[in-house]
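> Model the following, please.
(one chain, ligands or ions: 1)
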Amino acid sequence: MQSSTFVFASSQEMRRYLGGDEDLYLYTRYANPTLRALEEALAALEGGEAGLVFASGMAAMTTALVSLVSAGDEVLASATLYGGTARLVREVLPRLGVPGRMVPLADPAGLRSLVGPKSRVLVFESPTNPTVDVLDVRAITAQAHDLGLTVVVDNTFATPILQQPLALGADLVMHSLTKALAGHSDLVGGALVGSRERIEAARATLKVLGGCMDPHPAFLAIRGLKTLHLRVQRQGENALAAARFLEGHPRVRRVLYPGLPSHPAHEVAKRQMSGFGGMVSFVLDGGLPAAERFYDGLRLIARAASLGGVETLVSLPVHTSHHGYSEAQLREAGVDPGMVRVSFGVEDADDLVADLDRALAGV
Ligand SMILES: Cc1ncc(COP(=O)(O)O)c(C=O)c1O
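Numbers count the residues shown, from 1 in each chain. Modelled structure (predicted):
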């Protein structure tokens, strides 16, 4: 409902609200019927007890972490992670007395030697942005739980259509709704899904931090969800067709797509995902200048940040999610300066491959 506040018929009704009657609402930063409809849909999709929506994916992640830690606790985060989340863990939380450490998670057993006495939370995503690597969610989560960590998984790239981290053991799932869930590149939003207890703790933090979603984008996200399964299927088909084409192209050094048997985590992806998604990254010989020539040569594929929408979008990670990273930080994150990331939309696969081919010819 497009309203910031709600009318009470009487003081008795106000008292019913204060007593926990969930059919009554006070103020949209606390709860709103449209937001609740979206929260329930997301909880159902992820197989969680409850959901909570936010003004952006970053608001969701920030609220989740603030609800889970106190000064002195340490947050561990995967070395390959969306740049904004990495900055939150590396730069913002430490200023508030919560140190953050980036850790490699390719070998889940290695987590034991990386955990410290104050480590409380582990954050990771799979597939990873922009390296499209796949981490073993079940194995990492089992290790993390053994070590007393709470596990937050960013499921933005996979979507709940392809992967449900809660069923693999995670405690909280986080989404940038901006991406495939809403699906049309026309809104910014975020979400958490988990147990009722964890979501209520996050809601208490959201009420104070204030990053609530507005009802209108929530309405658009609900409409977007109706075609999520169709969009994700088509994006995956387009991504696979393009990945196969790119893998055979002489100017492409490496293709990162978990649907290719050559991908190092192809078997893990087959085990934990029901499809491989619409994100493909690849590395061109010739570094950033070659990547920029490719970028400039595209005609159909749009030069734009973000991902998961119905339109195919291309970005150069060193100019977007990993802008400003030092060479060492880029190496740690596995980002090559010649890396190109493509988020496949729902257009015709032959048209997309023809556009890639044309742009590669000019590299
Ligand atoms: C994997 C991933 N997580 C989180 C975010 C942040 O989401 P938002 O831009 O909605 O704040 C992004 C945005 O690009 C992302 O790609």
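
> Dead centre of this protein: give me the residue that sits there.
Computing the C-alpha centroid of the chain and ranking residues by C-alpha atoms, centre = their mean puts residue 156 first, at 2.8 Å.

> Identify the residue nearest that residue in space, chain neighbours excluded?
Using C-beta to C-beta, 6 or more residues apart in numbering and skipping residues adjacent in sequence, the residue nearest residue 156 is residue 176, 4.6 Å away. Where C-beta positions appear, they are placed from N, C-alpha and C, glycine not excepted.

> Equivalent analysis for residue 147, please.
Using C-beta to C-beta, 6+ apart, the closest residue to residue 147 is residue 115 (4.7 Å).

> Quick check, the one you found in contact with residue 149.
Yes: Residue 115 lies in contact with residue 149 (C-beta atoms under 8 Å); the separation is 7.1 Å.

> How many residues are close by whichever residue of the chain sits closest to the ligand?
Closest to the ligand within the chain is residue 57: 2.4 Å, counting by C-beta to the nearest ligand atom. Neighbours of residue 57 under the rule other C-beta atoms under 10 Å: 23.

> For it, give its distance to residue 181.
Distance from residue 57 to residue 181, counting by C-beta to C-beta, to the nearest Å: 10 Å.

> and for those two, which residues touch both?
residue 175 (C-beta atoms under 8 Å, 6 or more residues apart in numbering).

> before we move on, back to that, hey, what's the residue nearest to residue 156 bridged with?
residue 190 (DSSP bridges).

> How about residues contacting the least confident helix or strand in the chain by mean pLDDT?
Ranked by mean pLDDT, DSSP states H and E, the weakest helix or strand in the chain is helix 327-333, scoring a mean of 86. Contacts of helix 327-333 with the rest of the structure, by C-beta under 8 Å, 6+ apart, involve 79-81, 86, 102, 131, 318, 322, 325, 336-337.

> wait, does the helix or strand just after it make contact with the ligand?
Per DSSP states H and E, helix 327-333 leads on to strand 339-343 as the next helix or strand towards the C-terminus. No: residues of strand 339-343 contacting the ligand under C-beta under 6 Å from any ligand atom: none, with a closest distance of 9.3 Å.

> before we move on, what about stretch 279-294?
No: Stretch 279-294 is not in contact with the ligand by C-beta under 6 Å from any ligand atom; minimum separation 9.3 Å.

> which parts of that stretch are buried?
For stretch 279-294, a neighbour-count test (16 or more other C-beta atoms under 10 Å) marks 279-284, 286, 288, 290-292, 294 as buried.

> now, which of those residues lie within helices?
Per DSSP state H, helices hold the following members of the buried residues of stretch 279-294: 288, 290-292, 294.

> ok, which pair from the residues you listed is furthest apart?
Distances among those were taken as C-beta to C-beta; the most separated pair is 288 and 294, at 10.5 Å.

> Now residue 222: closest residue in space that isn't a chain neighbour?
In this structure, residue 222 finds its nearest non-sequential neighbour in residue 38, 5.3 Å apart by C-beta to C-beta, 6+ apart.

> That neighbour contacts residue 224, correct?
No: in this structure, residue 38 is not within contact of residue 224 by C-beta under 8 Å, at 10.0 Å.

> and residue 357, what does it touch?
Residue 357 touches 245, 249, counting by C-beta under 8 Å, 6+ apart.

> Assign it to helix, strand or coil.
helix (DSSP: H, G, I helix; E, B strand; the rest coil).

> Residue 208: which element?
Per DSSP H and E: residue 208 is located in helix 196-209.

> immediately after that helix, which helix or strand?
Next along the chain after helix 196-209, with elements defined by DSSP H and E, is helix 215-225.

> Quick check: mean pLDDT of that next one?
Per-residue pLDDT values over helix 215-225 give a mean of 98.

> so how far is that helix off the chain centroid?
Distance of helix 215-225 from the chain centroid (C-alpha atoms, centre = their mean, to the nearest Å) equals 18 Å.

> Residue ranges of each domain in the protein, please.
Residue ranges for the domains of the chain, per automatic domain parsing: 11-225, 228-361.

> possible to save those domains as a markdown table with distance to residue 2?
Formatted as a markdown table, the domains of the chain follow (distance: least, C-beta to C-beta, whole Å):
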| stretch | distance to residue 2 |
| --- | --- |
| domain 11-225 | 5 |
| domain 228-361 | 23 |
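
> helices and strands around the longest helix seen in the chain, which ones?
Longest helix in the chain by number of residues, with DSSP H as the criterion: helix 228-247. Contacts defined by 3 or more C-beta pairs under 8 Å, 6 or more residues apart in numbering; DSSP states H and E place helix 228-247 against helix 159-162, strand 252-256, strand 279-284, strand 339-343, helix 349-361.

> For that helix, give the mean pLDDT please.
98.
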